[in-house]
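K.L.:
no sequence for this one, just the structure:
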Ligand SMILES: Cc1cc2nc3c(=O)[nH]c(=O)nc-3n(C[C@H](O)[C@H](O)[C@H](O)COP(=O)(O)OP(=O)(O)OC[C@H]3O[C@@H](n4cnc5c(N)ncnc54)[C@H](O)[C@@H]3O)c2cc1C
Ligand code: SF4
Ligand code: SF4
């Protein structure tokens, strides 16, 4: 029995009909054991034709893709969707590719954003806002004791990113962009060294699609930039390795974001408790990856943190997520001939707080505006796109650079000082 993993939607239907128990669903991967006798029962149960005795045939595509576009955006996170939305609004033909089958899922985020970071891009909407917050509490834990600094202000939201990300992609589609899910970019097309499109692997096979310009919004993985020769590799010291539970049945202030700093809690990072309403909260932490001595993990730190907080320890985990946050400055080059990097793929994350949603949207919009100007001039060379890096550095990048300096000035052991706390309080409030 052969599984077409690109086509499989991991529904589990086949597992339930196999008389030998030869199929196992390991999260998003269907495994076939050697005990399979090729009886074929599972074939009939699969709604998407992902099982076959031989290599599967191409399927009719739900979305018909054109052979060429003005712009292809790889990745439908906040950066990619804002880029596609903006480019389509500016009259360009746009394809937005997402390798997952469901935009916004699985969530890899604590979902906090300041009102000032969200409002320039989309009107806040209760359909994708889980909680509204207007204060922060920052607790320093050191030498067995703790001290809490409370800060009013910092008006913001805890999102439902599963919905939020999809809404952004829907806005892109409504503006005229073509959106494709289960469509992974697996390589770049080149002409005289310049990027001229992408190789796309989807449920209906592999296709080469041309574009005058490609915007890489593929998140922390950042493979597309690497294919184009840009330096996107992250050193461990600039990587926060994170684990988070959505806890239900916890007693937390529904209007307050809480942060916990201390080397005993999260070396080089911090723990967070972000309320999600109805007795739920995103409870997680990020640890600077090079400070973890094996076999220590971020998840083990999180378990200890939750156990140390009686009001959290009472809760039940209903979701576990893990992920990495880049806390470096963007790479030296954000563009190549025919290619631009945006969002996590360009490391445009606040180095002090790890917040990246607002920056991703800002970068997506800015990149699409610069792209439209460059396409109108007929010059999408790295030089023709250079205005993107300049405008980024003069805009959101200015705050990022300042926060990177603070991160250097207060290395992990010094982050329990009053001065750092004051800086951190302003940063988490969106300042
Ligand atoms: C644990 C954790 C907590 C966080 N908490 C916060 C927070 O509270 N507030 C905040 O502002 N930020 C937070 N962040 C950071 C935030 O999630 C990111 O900065 C933000 O999602 C970046 O958006 P993006 O569009 O650049 O990338 P992403 O949201 O990662 O989207 C990239 C998309 O590209 C797709 N993709 C990748 N490769 C391909 C390919 N080859 N072909 C097609 N599609 C591809 C991916 O499937 C994904 O959908 C957190 C991150 C983590 C890990
Ligand atoms: S072919 Fe038959 S034995 Fe093999 S996995 Fe499918 S149902 Fe199970
Ligand atoms: S029935 Fe098809 S889609 Fe569902 S898990 Fe099995 S192979 Fe995947």
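P.N.:
Perfect, thanks for sending it. The model shown is predicted, which means the values in this text are computed figures rather than measured ones. Numbers count the residues shown, from 1 in each chain. Ligands and ions are numbered 1, 2, ... in the order given.
K.L.:
pLDDT weak spots in the stretch 1-150 of the chain?
P.N.:
55-63 (pLDDT under 70).
K.L.:
and it, which of its residues are near ligand 2?
P.N.:
Within the stretch 1-150 of the chain, the positions near ligand 2 by C-beta under 6 Å from any ligand atom are 1, 18, 20, 22-23, 32, 36-42. The C-beta positions use only the backbone N, C-alpha and C, and glycine is treated the same way.
K.L.:
From those, list the buried ones, please.
P.N.:
A residue is treated as buried here by neighbour count (16 or more other C-beta atoms under 10 Å); on that basis the buried members of these are 1, 18, 22-23, 32, 42.
K.L.:
Just put the residues you listed in JSON lines and tack on secondary structure.
P.N.:
Shown next, in JSON lines, are those (DSSP: H, G, I helix; E, B strand; the rest coil):
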{"residue": "1", "secondary structure": "coil"}
{"residue": "18", "secondary structure": "coil"}
{"residue": "22", "secondary structure": "coil"}
{"residue": "23", "secondary structure": "strand"}
{"residue": "32", "secondary structure": "strand"}
{"residue": "42", "secondary structure": "helix"}
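K.L.:
got a markdown table for those, with distance to residue 282 too?
P.N.:
As requested, these are exported to a markdown table (distance: C-beta to C-beta, whole Å):
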| residue | distance to residue 282 |
| --- | --- |
| 1 | 39 |
| 18 | 37 |
| 22 | 38 |
| 23 | 33 |
| 32 | 36 |
| 42 | 37 |
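K.L.:
could you pull out the helices for the stretch 301-431 of the chain?
P.N.:
Defined through DSSP state H, counting those that start in this stretch, the helices belonging to the stretch 301-431 of the chain, from first to last, are 310-313, 357-377, 387-394, 396-409, 418-428.
K.L.:
so which of those helices is the most packed in?
P.N.:
Mean neighbour count, computed with mean count of other C-beta atoms under 10 Å, is highest for helix 357-377 among the helices of the stretch 301-431 of the chain, reaching a mean of 23.
K.L.:
wait, isn't residue 195 in contact with residue 340?
P.N.:
No - counting by C-beta atoms under 8 Å, residue 195 sits too far from residue 340 to count as a contact (9.6 Å).
K.L.:
if you count what's nearby, which of those two comes out ahead?
P.N.:
Per other C-beta atoms under 10 Å, whichever of residue 195 and residue 340 has more neighbours is residue 340, with 34 against 25.
K.L.:
Let me know how buried the residue nearest to residue 89 when sequence neighbours are not counted is, in neighbour terms.
P.N.:
Leaving out its chain neighbours, the residue that sits closest to residue 89 by C-beta to C-beta, 6 or more residues apart in numbering is residue 175, at 4.8 Å. Residue neighbour count, defined by other C-beta under 10 Å, stands at 16 for residue 175.
K.L.:
likewise the one 10 residues further on?
P.N.:
A total of 24 residues lie near residue 185 under the criterion other C-beta under 10 Å.
K.L.:
ok, what's across the strand from it?
P.N.:
Going by DSSP bridges, residue 185 is paired in beta bridges with residue 200.
K.L.:
before we move on, what about residue 114?
P.N.:
Residue 114 has these beta-bridge partners by DSSP bridges: residue 156.
K.L.:
One more: residue 94?
P.N.:
Beta-bridge pairing of residue 94, defined through DSSP bridges, involves residue 71.
K.L.:
Quick check: residues of the stretch 1-150 of the chain near ligand 3?
P.N.:
Where the stretch 1-150 of the chain comes near ligand 3, counting by C-beta under 6 Å from any ligand atom, the residues are 3, 8-14, 25, 30, 45-46, 48, 50-51.
K.L.:
Swap in 5 Å and give it another go.
P.N.:
Residues of the stretch 1-150 of the chain lying close to ligand 3 (C-beta under 5 Å from any ligand atom) are 8-11, 13-14, 46, 48, 50-51.
K.L.:
circling back to that earlier point, now the residue nearest to residue 89. Its backbone dihedrals?
P.N.:
phi -80, psi -10 (degrees, to the nearest 10).
K.L.:
got a list of what it touches?
P.N.:
84-85, 88-89 (C-beta atoms under 8 Å, 6 or more residues apart in numbering).
K.L.:
now do residue 330
P.N.:
Shown here is residue 330, whose contacts under the criterion C-beta under 8 Å, 6+ apart are 341, 346-348, 389, 392, 397, 400.
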